[in-house]
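>>> no sequence for this one, just the structure:
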């Protein structure tokens, strides 16, 4: 077979599997990596103040322990694709599950601050792997007719993982009588919060034994008969399996393996479209969204709300995050990516401005005045809602669609790396910035939300309804 040969039609485009429920099970199992992604990213929220108190550290050192997981994330995301191409998607999932388990146990039983940081890095590496492997595997096993809906499982799993981690933290705090350092079974409450992730991590590993390897990987290593069996399982037994294998093999042979060199332009380093992708990734983080998930309990306690209530408010913001994500999924293909991004930017800017105003008030007996406290709570939820229904989903849709085929993989890698770096910058800087001026910190985030509006208007093109081959 030559690289220009046209395979006979396989019927895959219109295929409908006989057992759609089984395909959904496969997809949901793979999306457990996304659940762990969200859970591990957010669970630290419940332990921040306890870690500060136990190890008697300042805001700068605390921020590094919280943010250091993002270093592991960047490494895991950068290497996961190559690892998966060499050993397969399923084995990669199992490695991530083992690393999640090790990280959970180590984080729950640290000897000192340094090894807590080390376990955080290991967990971050697993997050990075899961953030790459989950969507890739789901795309490769999903029937074309259902791919969009099944691909949304990953994002849904992430936001559910965030919500569940907050709910678990809230439950553990209740058992510990509202004390993050309260003893439960010989361990402090915050240790249980970090250790409970062992349960979904083990479940993720077990589920990886119940789902098939990606047919694309099987074909790449010459295991054609196994690939046909999987294709019949996920796309239906009535497609032409020989023609389908030929389609996949030909597509892989035609793929251009983009490199970093392909992204370089003549004037400003990267090609303009790559800078737009980097800008989208960076703005998504610079509005301060991860402050809401890493530090929200600490934030509410700092303005006088008791620990139990602060954990409850953290959980409610996670529910709002889920609602916003569902709204984005419903409308991203109806009204377009660009309008959603603009709506989100405007809504976030207003909400962040109200938060800045509320936190500018002087504390009375260690608490915000009633009016400012109410405004701060409402504005925080509104901010998360507008982020979730826009930039939380839209940026990933843009990054998957906006680049020309010949540079898509490399450009997406650079943009994702920029996102992890911006995430680290916000996460590491918030404790020190809030010590300096909490209101001023939210003014900074609001300013980035405002600046994102002209950025979208001037540089971002709509990708709704366009074929990937039209991008460039």
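That came through fine. Every value quoted in this text rests on a predicted model; they were computed, and no experiment measured them.
>>> which strands and helices sit next to the top helix by length along the chain?
Ranked by residue count under DSSP state H, the longest helix found in the chain is helix 408-459. When contacts are defined as 3 or more CB pairs under 8 Å, 6 or more residues apart in numbering; DSSP states H and E, helix 408-459 packs onto helix 59-67, helix 69-87, helix 272-286, helix 289-294, helix 296-302, helix 337-359, helix 391-401. From N, CA and C alone the C-beta is placed, and that goes for glycine too.
>>> what is the mean pLDDT for that helix?
Average pLDDT, helix 408-459: 88.
>>> before we move on, what about stretch 196-205?
Averaging the model's pLDDT scores along stretch 196-205 yields 95.
>>> contact partners of it?
32-33, 35-36, 39-40, 43, 93-94, 96-98, 100-101, 103-105, 161, 165, 168, 172 (CB atoms under 8 Å, 6 or more residues apart in numbering).
>>> Now restrict the residues you listed to buried residues only.
Burial by neighbour count, 16 or more other CB atoms under 10 Å: within the contacts of stretch 196-205 this picks out 32-33, 35-36, 39-40, 43, 93-94, 96-98, 100-101, 103-104, 161, 165, 168, 172.
>>> So which of those sit within strands?
Counted as lying in strands by DSSP state E, out of these, is not a single one.
>>> Just the ones of these in helices?
32-33, 35-36, 39-40, 43, 93-94, 96-98, 100-101, 103-104, 161, 165, 168, 172.
>>> Residue 36: what's its closest spatial neighbour, skipping adjacent residues?
residue 100 (5.4 Å; CB to CB, 6 or more residues apart in numbering).
>>> mind checking how far that neighbour is from residue 40?
Using CB to CB, to the nearest Å, one obtains 7 Å as the distance from residue 100 to residue 40.
>>> Check residue 84 too.
Note on residue 84: its distance to residue 40, by CB to CB, is 20 Å.
>>> Residue 407 too?
Residue 407 is 31 Å from residue 40, by CB to CB.
>>> Give me the below-cutoff pLDDT ranges for the stretch 151-300 of the chain.
Within the stretch 151-300 of the chain, the stretches with pLDDT under 70 are 255-260, 266-267.
>>> at 50 what do you get?
Applying pLDDT under 50 to the stretch 151-300 of the chain flags no residue at all.
>>> Would you check that residue 33 makes contact with residue 96?
Yes: with contact defined as CB atoms under 8 Å, residue 33 reaches residue 96; the gap is 6.2 Å.
>>> Mind listing the shared neighbours of these two?
Joint contacts of residue 33 and residue 96 (CB under 8 Å, 6+ apart) are 129-130, 133, 204.
>>> And the pLDDT at residue 467?
Predicted confidence (pLDDT) for residue 467: 49.
>>> scratch that, residue 405 is what I was asking about
We note a pLDDT of 65 for residue 405 in this prediction.
>>> Then residue 111?
Confidence at residue 111, expressed as pLDDT, is 89.
>>> How many residues are close by the nearest residue to residue 444 once chain neighbours are set aside?
Distances taken as CB to CB, 6+ apart put residue 433 closest to residue 444, at 7.5 Å, once the chain neighbours are dropped. Neighbour count of residue 433, defined by other CB atoms under 10 Å: 20.
>>> what number of residues lie near residue 212?
Here the number of neighbours of residue 212 (other CB under 10 Å) works out to 17.
>>> In three-state terms, how would it be classified?
Of the three states, residue 212 takes coil under DSSP: H, G, I helix; E, B strand; the rest coil.
>>> List phi and psi for it.
Backbone geometry at residue 212, expressed as degrees, to the nearest 10, gives phi -80, psi 160.
>>> Report the contact partners of it.
Contacts here follow CB under 8 Å, 6+ apart; on that basis residue 212 touches 26, 90, 141, 229-230, 233-234.
>>> Mark which of these are buried, thanks.
Applying 16+ other CB under 10 Å to these flags 26, 90, 141, 230, 233-234 as buried.
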